[in-house]
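Enquirer: Predicted model and sequence follow; I will ask about them next.
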Amino acid sequence: MDYRRGRRRRVLFLTEGYRQIGFGHITRCTSIYQAVGILGGEALMLVRGDYNTRCILKGIKYELCDWHNRWGEVKNRLKDFDTVVIDSYLADWEIYQEVSDNVKVCLYIDDFKRLEYPKGIILNGGIHGEMLDYPKEEGRIYLLGPKFIPLREAFWGVGLKRINKELKRALITFGGADSRNMTLEVLRLLRKEHPELELFVVVGKGFKNKEEVYKLKGEKIKVFEGLSGEEMKNLMSYSRLWR
């Protein structure tokens, strides 16, 4: 709560996610969205998406909006927010610059130094984040490396775990869409090379080959779909990937 101004901090998220590109951006934004709520703020997510997108936005205040191409309308709404978070592979640099010019606090989520970002906070939670040569210029704050990766609320209290050396089960998950069809490839490889393993496979709403995955379901292969953060955490624990 911003007591000095007598109102809650308002945060706007600008992101995208649909079957062709996956839903990772939305998941990361959801993690921060949950934190905003717990800290007493208000948040709205503008998402460039499709029908499948709605399925992963439960509990989120959102609007499906082609904000990249309707920027003139969205720009007029910036004055209503204290903070803007952008997680996008598609937004032009000019959008970032206008956000930086018009909003007090700006957070840009990045993966591979996609742009030379304007003034604001640049977050890259990847294991390689600290290795990228981001420009050290005035007005830019960098949050780099795995210790800054946004996690959904269900994983906040998990703590450090030791990975089991004895492998009896394996968990296969490639996000909500798996646009490169890696799930089937890895599943077939593990089934061939390690037939003794019990395999847990997580598929998402945006999977194009969901039926093929379900065809392999059996005594040693369990398939799960549409898991919440809490359910995903429980599956990881049950898989005994850690102790």
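Expert: Noted; the coordinates are in hand.
Enquirer: By mean pLDDT, which helix or strand of the chain comes out lowest?
Expert: Scoring the helices and strands of the chain by mean pLDDT, DSSP states H and E places helix 51-54 at the bottom, with a mean of 82.
Enquirer: Pull out the buried positions in it.
Expert: For helix 51-54, the neighbour count (16 or more other CB atoms under 10 Å) marks N52, T53 as buried. (Each C-beta comes from the backbone N, C-alpha and C, glycine too.)
Enquirer: what does stretch 210-223 give?
Expert: K210, V213, I221, K222, V223.
Enquirer: pLDDT on that stretch, on average?
Expert: Throughout stretch 210-223, pLDDT has a mean value of 92.
Enquirer: where does the least confident helix or strand of the chain sit relative to the chain's centre, distance-wise?
Expert: Computed by CA atoms, centre = their mean, to the nearest Å, the separation of helix 51-54 from the middle of its chain amounts to 15 Å.
Enquirer: Return the list of helices and strands in contact with it.
Expert: Helices and strands touching helix 51-54, as assessed by 3 or more CB pairs under 8 Å, 6 or more residues apart in numbering; DSSP states H and E, are absent.
Enquirer: Give me the residues contacting the helix or strand that comes right after that helix.
Expert: Next along the chain after helix 51-54, taking DSSP states H and E as the criterion, comes strand 62-64. Residues outside strand 62-64 that contact it (CB atoms under 8 Å, 6 or more residues apart in numbering) are L44, M45, L46, V47, R48, G49, D50, T53, R54.
Enquirer: all helices of the chain, in order?
Expert: 24-38, 51-54, 71-75, 93-102, 182-193, 210-215, 229-238 (DSSP state H).
Enquirer: could I get the fourth one in CSV with only the CA atoms?
Expert: Backbone C-alpha positions of helix 93-102 (Å, rounded to 0.1, in the frame of the first residue of the first chain) are rendered in CSV as follows:
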residue,chain,number,x,y,z
TRP,A,93,12.1,-0.7,-29.0
GLU,A,94,9.9,2.4,-29.4
ILE,A,95,7.3,0.9,-27.1
TYR,A,96,9.9,0.4,-24.3
GLN,A,97,11.1,3.9,-24.8
GLU,A,98,7.6,5.4,-24.5
VAL,A,99,7.0,3.3,-21.3
SER,A,100,10.3,4.5,-19.9
ASP,A,101,9.4,8.1,-20.6
ASN,A,102,5.9,8.0,-19.1
